[in-house]
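Peer 1: sequence? don't have it. structure:
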């Protein structure tokens, strides 16, 4: 079977940009499809902590996330494409976050916004704080900062759009929703007697990269 | 009216009679922790008769970040940036409350200029909090977008000030034990003064947009009434308490900092309903502007930090202290117990919005679910502080 | 009259709508990716290490691995290992240097306490915030090489503070040289005298706690 | 307002069976406290709230404090005159004693009506394991309701007479009381790139063993 998306359409990027400036669009199916997807990423209206306020600020007049097609904050996960984990995920909250993720239809993406969502951040030594949401759900973009400026969130969103734009629509590199056996439902942890069980999703959280630290006394 | 089977014997709050000709089962609904109107990850288990609330149990802890445990393993200075993240709209007042508790614990004097700067920043924070609250409350009432957008437009201006002074928009980490971290420049003060001058016209416009609006009046007047006796007994503080008509403002009662030098009034409500709580905040903002003008006029020259105050290796003597200030949401206090070590032995936050939630059920009984949302909005909670 | 309140509100929104076409106070949108925000000088995001000479960043690090920032960092996101040998610093004095200096920016809360406690002006706050990434481990765990930036860069982002720091360091250096010269002179006069005391480098806190 | 000593004497006169101790606070804040015994605590609290001279109508703050068992060294200095007629010697005598572990609840009371305060109340449990029951002051001050639930959740103090004593911050199935000093949090230290102090010890168990002669990278 031949590749449905030729990598070289016989025209360079600069030439294509020049044509675009004159109102002539040259596009393939993949590009059109991804262009549409990347400019209508609807986030879930879901705030957790401090970063949520910056997320709201990003959707307000000064930063105006509508310029990126993402102003439609959906209250229901069924209508959302993007989960912005904006704040500390506690162990009590983790099952609900995973459930929301499972309820979102494909294609879906996740942004871990702020230090807490990435790694637990300043609260990581707490007994009720999850050390990073990527222990349970796959994260596409990490935005460090405590909290990241609204501009940093917009930058993260642009990175995500870039990622969507470069996804193939067929073949082994295609995103989950185009794969036949693609399944992104993550097992929902349960709150146990001392900790949440399991403490991480084994399929997503393999052993982290080895970090040899000379042992300090 | 029939005696309701759902009267709460301890509080006397009762349910208005519902349509008794349509007997049906009660329904239990879980609102939250992901709900677009619960101001974060707050959950209420609501029992409904039709659409009327007959029972409401708040569920907390979805943002319990172990702030107190972490603070007991960190130095006194190291907890200062964590206080920013308690009530993440009002980092400056949280900083001040914590600094005040430590200053009481260790007996550190604060220079006069620092006290003035603290007042300026606290009142700017009050403006910011109350403006945002009004916006969020309107969002809860259903006017999605416009008021919140105007509120955030003004918030950005105050945040720009905070950022150019402290380096961060929200997490200022600005106060220190015995003063403030950096001295505001003349240029900064001029900008702040200009903002204060422009805030009055903005409030006029904001009020023209909202206060007289008939829909707002219909939604908020008479909803969620709170009696003064219950408010005092339940420890309710801040604008919530003053909306019931109790004249209690720590800026007057304790007279901490340099507040006794300023002329300002305490707005009081009459009915204790959602509308009063909204109006109290609007009026408080106008008083804050008056305080700010006086503070700018009286700001003395001098050091901003007590030179005797230590940054590192700070070990207060054995003892304990409870320090409190009037935050925008109510009385924010820190209870610190020192065993003489570098870390506090016990560090407890008296979070105003957590204790203001004690009476949530009493306020909501007999109202509809839609009203519960705006009652919660009018209490003004921030989950970072409720759950800590 | 019923409805005047709503009408009044609509007038306000209309005023804002029309105003947004000509009044910059009512049109506040910052076209972010095209227009970069004007960051105030005080803005802080993540720490970086200052080196004096851009051509030899590792050789002219101001950090002497005293580990104060590691100890004071509230979220514990700094990791330092001291070197076993000593290298000359910018003044030519032999100093311990950090063999490993790592900051986990996925934990850092930008509180600036490391900057405040550093007695050597070696760590300062950076202003780069466009660091969203797809890789949590390699991209967010910054090592010594990624953290080090020249003093000239520090001057571009925090000009006032950098000028103060430079003036202070120069004064310290001159005082140290003065003292060394005086000591050398004294030594030349009385050869039996005890050797000159080491020049003080610490400016704020002389009692540096040794690492555990 | 009367001083705390006067108040203690007044309470002692009204409640002769009650054991009320004045706990002094040596810090500059000088917020001294009254330590009440559990049996009379609620009656005394009601008196404090209703007494016209006090009217402590607002219970602002409720906190728990954990005091685990610890060894205390008491140093008593006695001045012994030198029999030889020289300067008297100071003899230090050290006695070791085990201070039993206990849990403590602290209430901060203020009066809104009369604008005074704080009056600090302290209640102490018998130990940290089985005798952890204290009377709830929620019937006196409603504001204690959620705060006592929090103390129960985090410290494990059982409040007798509380209308709804459930966990509040942690989930219902949780078994530990995390604010206690001897609480050990679950081990999830497998990725700690910047460990030191306590975290280093915990993270070490997850590390690969370092190469025996690995020199630190310059």
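Peer 2: Right, received. Where do you want to start? Bear in mind the structure is a predicted one, so any value in this text is a computation, not a measurement.

Peer 1: Does whichever residue of chain A sits closest to chain B belong to a helix, a strand or coil?
Peer 2: Here the residue of chain A nearest chain B is residue A:126; by C-beta to the nearest C-beta that distance is 3.1 Å. (C-beta placed from N, C-alpha, C; glycine too.) Three-state call for residue A:126 (DSSP: H, G, I helix; E, B strand; the rest coil): coil.

Peer 1: Give me the nearest residue to it, chain neighbours excluded.
Peer 2: residue B:66 (3.1 Å; C-beta to C-beta, 6 or more residues apart in numbering or on different chains).

Peer 1: show me the contacts for the one you found.
Peer 2: Applying C-beta atoms under 8 Å, 6 or more residues apart in numbering or on different chains, we find residue B:66 in contact with A:123, A:125, A:126, A:127, A:128, A:129, B:388, D:178.

Peer 1: so what pLDDT did it get?
Peer 2: pLDDT, residue B:66: 89.

Peer 1: again with residue B:3
Peer 2: So, for residue B:3, pLDDT stands at 45.

Peer 1: where do the helices sit along the chain?
Peer 2: Answering for chain A, as no chain was given. Using DSSP state H, the helices of chain A run over A:13-21, A:29-38, A:50-59, A:94-103, A:114-119, A:150-165.

Peer 1: wrong one, I was asking about chain D
Peer 2: D:4-14, D:41-50, D:144-155, D:198-204.

Peer 1: Check chain C too.
Peer 2: Under DSSP H, chain C gives helices at C:4-22, C:68-72, C:113-117, C:144-147, C:151-157, C:159-189.

Peer 1: Among those, which comes closest to chain A?
Peer 2: That would be helix C:4-22 among those, by C-beta to the nearest C-beta, at 8.7 Å.

Peer 1: which helices and strands sit right next to that closest one?
Peer 2: Counting by 3 or more C-beta pairs under 8 Å, 6 or more residues apart in numbering or on different chains; DSSP states H and E, the packing neighbours recorded for helix C:4-22 are helix B:186-210, helix B:214-220.

Peer 1: by how many degrees do it and helix B:186-210 diverge?
Peer 2: 140 degrees (axes from the mean of the first three to the mean of the last three C-alpha atoms, to 10 degrees).

Peer 1: What are the buried residues along helix C:4-22?
Peer 2: C:5, C:8, C:9, C:12, C:16 (16 or more other C-beta atoms under 10 Å in any protein chain shown).

Peer 1: Please compute how far that helix lies from its chain's middle.
Peer 2: The chain centroid and the centroid of helix C:4-22 are separated by 46 Å under C-alpha atoms, centre = their mean, to the nearest Å.

Peer 1: for it, what is the average pLDDT?
Peer 2: Summarised as a single mean, pLDDT over helix C:4-22 is 88.

Peer 1: From chain B, how far off is the residue most central in space within chain D?
Peer 2: The structure's chain D has its C-alpha centroid closest to residue D:65; by C-alpha atoms, centre = their mean the separation is 2.6 Å. Residue D:65 sits 5 Å away from chain B, going by C-beta to the nearest C-beta, to the nearest Å.

Peer 1: Low-confidence bits of the chain, can you list those?
Peer 2: Picking chain A for this. Along chain A, the parts satisfying pLDDT under 70 run over A:1-10, A:26-27, A:180-183, A:206-208, A:210-217.

Peer 1: meant chain D, my bad for not saying
Peer 2: Those would be D:208-218, if you go by pLDDT under 70 across chain D.
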